[in-house]
Every structure is written in C-alpha cells, then in structure tokens.
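Using only what follows, build the 3D model:
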Amino acid sequence: MLKVAVVTVFSTLAVTGCATLPDAKAVIERHSGQAARFENARGALSAQKSAAILAALKRESGKIDILEKQIALEQAIVGSPLTVENKVTLLQDGAATYSAMFAAIRRARDHINLESYIIEDDEIGRQFADLLLAQQGRGVQVNLIYDSVGGINTPKTFFERLTQGGIQVLEFNPINPLSAKTPWLINNRDHRKLLVVDGRTAFIGGINISSVYSSGSIVRRTGRADGNTVAWRDTHLEIEGPVVGEFQKLFIQTWGKQRGKPLAKRDYFPELKAQGKDIVRAIGSTPDDPYSLIYLTLISAISNAEKQVYLTNAYFVPDPQLLKSLTDAAGRGVDVKLILPSHSDSALVFHAGRSHYASLLEGGVKIYERRGALLHSKTAVIDGVWSTVGSTNLDWRSFLDNDEVNAVIIGREFAQQMQVMFTKDLEVSESIDREHWETRPLSFRLKEWMARLWGRLL
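Below you'll find the model as predicted:
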C-alpha cells in the first residue's frame with residue numbers, strides 16, 4: 001500500500017497541464033491513405049510481395065477493411081515495421097510465463113536484457129536473481145532496468161547483490177533527485193515488462209516479477225481460484241523471429257535515455273531467421289513522443305472495427321475520445337465487450353472506471369467483471385484478426401506518463417487463440433446489467449464521483 005500512496009502523492013505534485021492527449025481523429029486522418037508494407041529478416045519486402053501478403057490475409061479473414069486501413073495507419077503513425085515470419089506463444093498467468101522465461105534465460109549464451117516495472121525481493125524475485133547471477137558468472141552479460149517507484153518496496157540490497165555479481169543495473173527515474181542522471185521526472189514511470197534473450201527471444205506483457213503471480217487463476221466450481229492466496233489473472237507473450245530486433249531497440253533506447261553506463265559489447269542484433277508465420281509489430285510509447293503511439297493505434301483499431309471489439313484490461317480510466325470510440329463502434333453494430341476487474345489493488349482506479357459504466361452501457365457497450373482472480377491483463381482482439389498484448393492500461397497514466405510496450409499481431413490464427421482466452425475469462429465474469437446498475441447503492445455512486453475527480457492522475 002505504501003507504493004500506491006507514494007505514486008498518488010507524486011501524481012498530485014505533477015503538472016497535469018503539460019501533457020495532453022492528441023486529437024486522435026485529426027492525427028488518424030492526416031496519416032491515412034498509405035499502402036501497407038511488410039518486412040522480414042532481410043529487410044523491407046517489395047510492394048508486390050507486401051500486396052500478396054495482404055491479399056492472403058484478406059482471403060483468410062474475409063473482406064475486413066480493418067486489415068488494410070489499420071496496417072497502413074499504424075506504419076505511418078508508429079514507424080516500426082510490420083514484420084513477418086515470427087512465432088508468438090500466448091502465455092497465461094505467472095507460472096507458465098516464469099517457466100518459459102527461466103528456460104530462455106538458461107539457454108542464453110551472449111546476453112540478457114531485462115526491464116520490469118516491479119521486481120520484488122520475494123521467492124520469484126530471488127529465483128530470477130539467482131538465475132541471472134549464475135548466467136552472469138558464466139560470461140553471459142546481464143543488463144537490468146527497474147522502475148524506482150515500482151521497486152520502492154524492494155530493498156536496495158537486492159539490487160546491490162546483482163551489481164556485485166557483475167550485472168549492470170539501472171534505476172529508471174530515481175525517486176531521490178540526487179540520484180537522477182537526467183532531469184527529475186518523477187511522474188514518468190517505466191511500466192514496461194520486457195525480457196530479450198540473446199537478441200533472439202523476447203517476452204512482453206503485463207506480468208511483473210513478483211510472487212503474487214504464483215497462484216493460478218483457474219476458477220473451480222466453488223468460484224475460487226487455485227491456491228490459498230489471491231490469484232492474479234494476467235497475459236504475456238513469448239516472441240521469436242525478426243521482430244525481436246525491434247524490442248531490443250526499445251530496451252537500448254531506454255538505457256541510453258536514462259544515461260546508463262555504456263553497455264558491454266555483445267551481439268545485441270544477431271542475424272535473425274524465420275521462426276513462424278505470425279505477423280508482428282512492436283510498439284513502444286514514452287512521454288517523449290509527440291503523442292502516445294499505443295493510444296492512437298488502439299483508437300484507430302476500434303474506429304476501423306466492423307464486427308467485434310473485445311478488450312480485457314486491469315486499470316480502466318478512459319478519456320473522452322476512448323469512450324466515444326467505444327460507443328460509436330457499438331452504435332454502428334459492432335459487438336463491443338469489455339472485461340474489467342471485479343476488485344482491484346487500486347480502489348481509486350477501480351471506482352473511477354466504474355463511474356463510466358452508465359454512459360457505456362447506455363451506448364450499447366457490454367461490460368463484464370472478472371470474478372475469482374485479480375485481473376491484471378491488458379489485451380485486445382478486434383474483428384478476429386487484429387490483436388494486441390502488452391503493458392498498457394486503458395488509463396491516462398499509461399497514455400501520457402508511462403513508458404509502455406505492446407505487440408500487435410495480425411492474423412486469424414493468433415486472434416482465434418485470443419478469442420478462446422477471452423471466452424474463458426467471459427465464462428467466469430459477471431455481466432453488468434444496465435437496469436441493475438442504475439439501482440446501485442448511493443455509497444458506490446459517491447466513491448465513483450470522488451474517484452473520477454482524480455481521473456487524469458490515475
């Protein structure tokens with residue numbers, strides 16, 4: 001709870017007028033009209049080959065305008081390539097994610113780059129520390145970035161042990177201004193969860209390094225999740241293939257921006273080969289950008305949707321443009337469904353999100369609250385062909401104040417996996433009925449009203 005209190009205080013001290021969300025419609029219109037382009041491990045594909053890939057996607061997915069419109073718009077706004085020949089593995093919850101991460105770390109032969117908002121000094125954190133130190137001892141260079149606010153409850157001795165073992169450790173925007181190597185930007189936090197091993201395998205998503213993820217989120221007939229502790233429901237990705245180089249660039253850019261010591265010379269950008277059939281774009285956002293790239297990408301995807309918009313998100317404090325894009329989509333007949341938490345580790349965010357339920361329900365958006373686990377996922381699947389998984393919440397803080405990272409995956413096969421996951425979460429979620437919601441207690445309404453006043457800071 002100390003961590004939440006500190007973040008709230010710092011947020012209050014921040015100058016809220018210095019950063020604003022862009023006019024999404026104007027930006028989208030300004031960047032429309034380009035042809036879709038793709039890259040593979042050898043570089044940009046010809047216009048003819050790009051057109052052939054797009055045609056194949058259309059045959060596979062049916063005539064869905066989101067494909068051509070969204071692909072072209074993303075490349076104009078984001079700049080990072082849409083890369084073919086990748087293999088993406090969907091990971092659900094902590095146990096599966098940590099197992100895959102540990103396996104990749106053990107296979108490392110050259111370097112390991114790890115960036116995480118939270119790294120706890122608990123059982124899971126110590127397992128990571130021991131494994132990273134062992135690899136460093138074998139000559140594998142380990143570089144680690146952790147967020148100062150996210151790591152506020154982690155003793156300095158935890159990171160000192162890593163440093164003493166040869167690991168290069170970088171604290172992102174230190175709380176202590178005397179430790180800052182850059183201008184003191186206390187409200188800019190590194191919310192990314194990114195692991196890159198040997199420049200060939202990347203992990204991204206919503207999962208921090210903490211034992212809170214150790215219990216499963218599978219709900220039994222009793223209505224309770226596995227294990228005796230509070231279960232956390234989260235989603236992560238393991239990615240292999242040419243797009244890993246783009247995630248590596250994001251890590252190295254952050255290291256440079258934070259003025260870390262020069263990275264040890266390693267093969268950070270090895271020659272990458274085809275690993276699968278998944279088409280992926282890496283998207284990183286920082287407050288240094290003119291506007292949040294992930295925010296605009298999501299707004300445009302929702303605006304281009306023709307059939308379904310299925311969002312699962314942990315912290316929902318939407319701005320007016322996001323609210324409008326959701327209700328506009330529902331208004332033109334798109335099946336818009338949101339899975340949101342039934343409880344949260346942040347009461348302010350929870351009630352601020354609920355304060356928008358009435359207008360969303362009135363606009364035709366269907367809302368569900370996940371039971372049996374604390375929802376921490378940040379995912380979307382649109383029209384059965386466009387998917388994203390990452391660290392970005394649907395709140396002002398993610399869109400304006402945080403460094404975030406997401407992967408966008410194009411294709412029906414991966415989207416089907418996402419829809420199966422969404423359906424399973426839906427089965428253990430409670431539908432929010434509009435008429436019933438209007439009869440909620442006055443105490444709830446007061447909490448929502450008060451929390452909403454803080455919306456821009458959350």
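
buried ones in stretch 87-94?
88-94 (16 or more other CB atoms under 10 Å). (Each C-beta comes from the backbone N, C-alpha and C, glycine too.)

Can you give me the neighbour number for Ser211?
Counted with other CB atoms under 10 Å, residues neighbouring Ser211 total 17.

can I assume it is in contact with Ile124?
Yes - between Ser211 and Ile124 there is a contact at 4.5 Å, judged by CB atoms under 8 Å.

ok so, going back, pick out whichever of the buried residues of stretch 87-94 sits closest to Ser342.
Ranked by distance to Ser342 (CB to CB), the buried residues of stretch 87-94 are led by Asp93 at 17.1 Å.

any idea how far the closest one is from Thr235?
Applying CB to CB, to the nearest Å, the value for Asp93 to Thr235 is 8 Å.

Same question for Arg434.
28 Å.

Look at those two and report which has more neighbours.
Neighbours were counted for Arg434 and for Thr235 using other CB under 10 Å; Thr235 has more, 23 against 14.

Identify the bridge partners of that one.
Beta bridges link Thr235 to Gln92, judged by DSSP bridges.

Could I get the contacting residues of it?
Contacts for Thr235 were tallied using CB atoms under 8 Å, 6 or more residues apart in numbering; they are 90-92, 205-207, 312, 377-379, 389, 421.

Can you pull out the low-pLDDT segments for the stretch 151-300 of the chain?
The stretch 151-300 of the chain contains residues with pLDDT under 70 at 215-229.

Mind jotting down where the strands sit in it?
For the stretch 151-300 of the chain, the strands defined by DSSP state E, counting those that start in this stretch occupy 168-172, 189-190, 193-197, 201-205, 232-233, 235-240, 278-285.

Ala305: which of these is closest?
Closest of the strands of the stretch 151-300 of the chain to Ala305 is strand 278-285, at 17.6 Å (criterion: CB to CB).

Could you spell out the sheet neighbours of that closest one, each with its direction?
According to DSSP bridges, strand 278-285 forms sheet pairs with strand 82-92 (antiparallel), strand 402-410 (antiparallel).

List the buried residues of that strand.
Judged by neighbour count (16+ other CB under 10 Å), strand 278-285 contains these buried residues: 278-285.

check contacts around Asp425.
Going by CB under 8 Å, 6+ apart, Asp425 touches 233, 312, 339, 370, 375, 377.

Report the secondary structure element holding it.
Taking DSSP states H and E as the definition, Asp425 sits inside helix 412-427.

Tell me if I'm right that Arg200 and Leu272 touch.
Yes - Arg200 lies in contact with Leu272 (CB under 8 Å); the separation is 6.5 Å.

Could you name every residue contacting both of those two?
What both Arg200 and Leu272 touch, as defined by CB under 8 Å, 6+ apart, is the set Val244.

Look up how far Arg354 lies from Glu240.
Counting by CB to CB - Glu240 and Arg354 are separated by 39 Å.

Kindly apply the preceding question to Val317 instead.
From Val317 over to Arg354 the distance is 10 Å, taken as CB to CB.

which of those two has more neighbours?
Taking other CB under 10 Å, Val317 and Arg354 do not tie; Val317 has more neighbours (28 against 23).

For burial, what's the neighbour tally of the nearest residue to that one once chain neighbours are set aside?
Residue nearest to Val317 in three dimensions, not counting chain neighbours: Asp395, with 3.9 Å by CB to CB, 6 or more residues apart in numbering. By the measure other CB under 10 Å, the count of residues near Asp395 is 26.

can I assume Asp395 is in contact with Ala314?
No - at 9.3 Å, Asp395 does not count as touching Ala314 under the criterion of CB under 8 Å.

returning to what we had before: any chance of the buried residues of strand 278-285 in a markdown table, with distance to Asp147 too?
Shown next, in a markdown table, are the buried residues of strand 278-285 (distance: CB to CB, whole Å):
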| residue | distance to Asp147 |
| --- | --- |
| Asp278 | 29 |
| Ile279 | 31 |
| Val280 | 25 |
| Arg281 | 24 |
| Ala282 | 20 |
| Ile283 | 19 |
| Gly284 | 15 |
| Ser285 | 15 |
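
what does stretch 107-118 contact?
105, 128, 132, 135, 140-147, 150-151, 154, 189-199, 208-210, 248, 251-252, 254, 264, 266-268, 270, 391.

go again using 6 Å as the cut-off
105, 135, 140-147, 150, 191-198, 208-210, 251, 266-267 (CB atoms under 6 Å, 6 or more residues apart in numbering).

Helix, strand or coil: sort out Gly384 for me.
The three-state label given to Gly384 by DSSP: H, G, I helix; E, B strand; the rest coil is coil.

need the contact list for it.
Shown in contact with Gly384 (CB under 6 Å, 6+ apart): Ala415.

could you redo the last one with a cut-off of 7 Å?
Gly384 sits next to 61, 307-308, 412, 415, 419 when contact means CB atoms under 7 Å, 6 or more residues apart in numbering.

how near is it to Gly411?
10 Å.

Grab the nearest non-local neighbour of His343.
The spatial neighbour of His343 that comes closest, neighbours along the chain excluded (CB to CB, 6+ apart), is Leu374 at 6.5 Å.
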